[in-house]
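> Need a 3D model of the following:
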Amino acid sequence: MDAVSSDVGHDNPVFVISVAAQLSGLHAQTLRSYDRLGLVSPGRAAGGGRRYSQRDIALLREVQRLSQEEGVSLAGVKRIIELEQLVDELQARLDETTAELDAVRAAAAQATAAVHRSYRRDLVPVDRRQAVVRWRPAQPE
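Take a look at the predicted model:
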């Protein structure tokens, strides 16, 4: 983590547009354009000015990389960002569901163990289908 981000939370919108432009290596007008296109949605200060977070700065850099180095159109970049956000949301949901399933499995195991502990030890279940039978040949008459 660099010196700036060590004091600032990753999602706290604290950087004014000029600082965000400098940190991202982009022009302030480009940041405004990306905001209008919905590529990056910075927070707003009480007076209405844009405030960018560390996450916004990273996203600005990724938008620039995709558009400049990879040749992706801004509409394509927007779709990529939307899909990555969807994947993140689905991964979080999957993690939550997996944790819930693990909790349910643990509770079921505890309930099963409690039932097994309640069995009477002096009774032994017998499966009559597997009984031992002694064969005797028929007696001659």
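
> Now find how far off-centre stretch 41-59 is within its chain.
Taking Cα atoms, centre = their mean, to the nearest Å, the mean C-alpha location of stretch 41-59 is offset from the chain mean by 23 Å.

> Mean confidence (pLDDT) on the biggest helix by length in the chain, please.
In the chain, with assignment by DSSP state H, the single longest helix is helix 74-118. Mean pLDDT, helix 74-118: 95.

> In this structure, which residue is most central in space?
residue 92 (2.4 Å; Cα atoms, centre = their mean).

> Tell me who's in contact with that one.
By Cβ atoms under 8 Å, 6 or more residues apart in numbering, residue 92 lies in contact with nothing. To be clear about C-beta, it is placed using only N, CA and C from the backbone, and glycine gets the same treatment.

> Let me know the secondary structure of residue 11.
Recorded secondary structure, residue 11: coil (DSSP: H, G, I helix; E, B strand; the rest coil).

> How much space separates it from residue 56?
Using Cβ to Cβ, to the nearest Å, residue 11 is found at 9 Å from residue 56.
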